[in-house]
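Trainee: Quick one, structure for this:
(one chain, ligands or ions: 1)
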Amino acid sequence: MSDHHNIPTEDKILMLDPQYVNVKDFEADGPILDIGGGGEGVIGKLKGDQVVAIDTSLEELKEAPPGPLKVVMDAANLTFLDESFAGATAFFTFMFIDPQNQQQVFNEIFRVLKPGSKFRIWEIVLEPVEDKNKQAIAFPIMIKLPQEEIRTGYGAPPPPHKYDIRHYVSLAQNAGFRGDDYDKEGQVFYLELSKP
Ligand SMILES: C[S@@+](CC[C@H](N)C(=O)[O-])C[C@H]1O[C@@H](n2cnc3c(N)ncnc32)[C@H](O)[C@@H]1O
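Mentor: Numbering: from 1, shown residues only. Predicted coordinates:
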């Protein structure tokens, strides 16, 4: 599980059904910013040295496979110049980002993307947990990449309200993004946004 440095005991975790995600290759005409790109480093595995992987956790970045340029940075405060990237990705990262910062993260990604480029998000629909004894929601996941399959698990604190596609589309539109496409399988979804 990502962020395994603070794992609650098993009885305090709400375990969801296993999830499955098929990650297809995509084109970007220049560098790709991957936010929360530590851990399994899935986007780095897919796009290699085209990726700049940022994460607030040095440990998670060290754990990710080599290939991308890895930088400790907060996605809510990107230190890149405007219009630096030809694409951006967030692979199961938003569920980890403090709700108060999520709008700022969308605004920042919009700022550093070149016009005409895409922001791709893979996420899970999460709902608040009634049982206050539960400190985390976790799920096993099978990730299918063109060249390999990864079995892992992700976990995060329960959200303050429902994090569904509508929640993310609303934040994206506030930042200026246009929704291009989405796909959903089980509780997992893929959202493709573009900067006009
Ligand atoms: C579930 S992991 C993402 C999985 C990862 N993309 C992969 O391929 O395995 C969530 C990551 O988001 C990072 N994170 C949380 N808040 C962040 C922020 N504000 N900026 C950048 N990274 C953040 C965490 O440190 C953690 O490594």
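Trainee: Give me the pLDDT for the residue lying closest to Arg178 once chain neighbours are set aside.
Mentor: Excluding the flanking residues, the one nearest Arg178 by CB to CB, 6 or more residues apart in numbering is Ser194, at 5.3 Å. C-beta: built from backbone N, CA, C; applies to glycine. Confidence at Ser194, expressed as pLDDT, is 98.
Trainee: On the strand side of things, show who the closest residue in space to Phe85 that isn't next to it in sequence bridges to.
Mentor: Leaving aside its sequence neighbours, Phe85 sits nearest to Leu33 (CB to CB, 6+ apart; 4.6 Å). Following DSSP bridges, Leu33 is listed with bridge partners Val52, Ala88.
Trainee: Confirm for me that Leu33 is in contact with Ala90.
Mentor: No: under the criterion of CB atoms under 8 Å, Leu33 is not in contact with Ala90, lying 9.4 Å apart.
Trainee: Low-confidence regions, the protein specifically.
Mentor: Confidence mapping of the chain against pLDDT under 70 gives the ranges 1-6.
Trainee: So Ile43: helix, strand or coil?
Mentor: When the structure is reduced to helix, strand and coil (DSSP: H, G, I helix; E, B strand; the rest coil), Ile43 reads as helix.
Trainee: can you tell me how far it sits from the ligand?
Mentor: With distances taken as CB to the nearest ligand atom, to the nearest Å, Ile43 is found 6 Å from the ligand.
Trainee: Neighbours of the residue lying closest to that residue once chain neighbours are set aside, how many?
Mentor: Excluding the flanking residues, the one nearest Ile43 by CB to CB, 6+ apart is Asp34, at 4.3 Å. Other residues within reach of Asp34, judged by other CB atoms under 10 Å, total 30.
Trainee: Quick check: residues of the chain near the ligand?
Mentor: Taking CB under 6 Å from any ligand atom as the contact definition, the chain meets the ligand at 2-3, 35-42, 54-57, 60, 74-76, 91-93, 96-97, 101, 154.
Trainee: Restricted to strands, list those residues.
Mentor: Secondary structure from DSSP state E places Ile35, Ile54, Asp55, Phe91, Tyr154 of these in strands.
Trainee: so the second one makes contact with Asp34?
Mentor: It refers to Ile54. Yes: under the contact definition of CB under 8 Å, Ile54 touches Asp34, with a separation of 7.2 Å.
Trainee: Specify which residue of Leu33 and Ala90 has the higher count of neighbours.
Mentor: Shown here are Leu33 and Ala90; by other CB under 10 Å, Leu33 has more neighbours (30 against 26).
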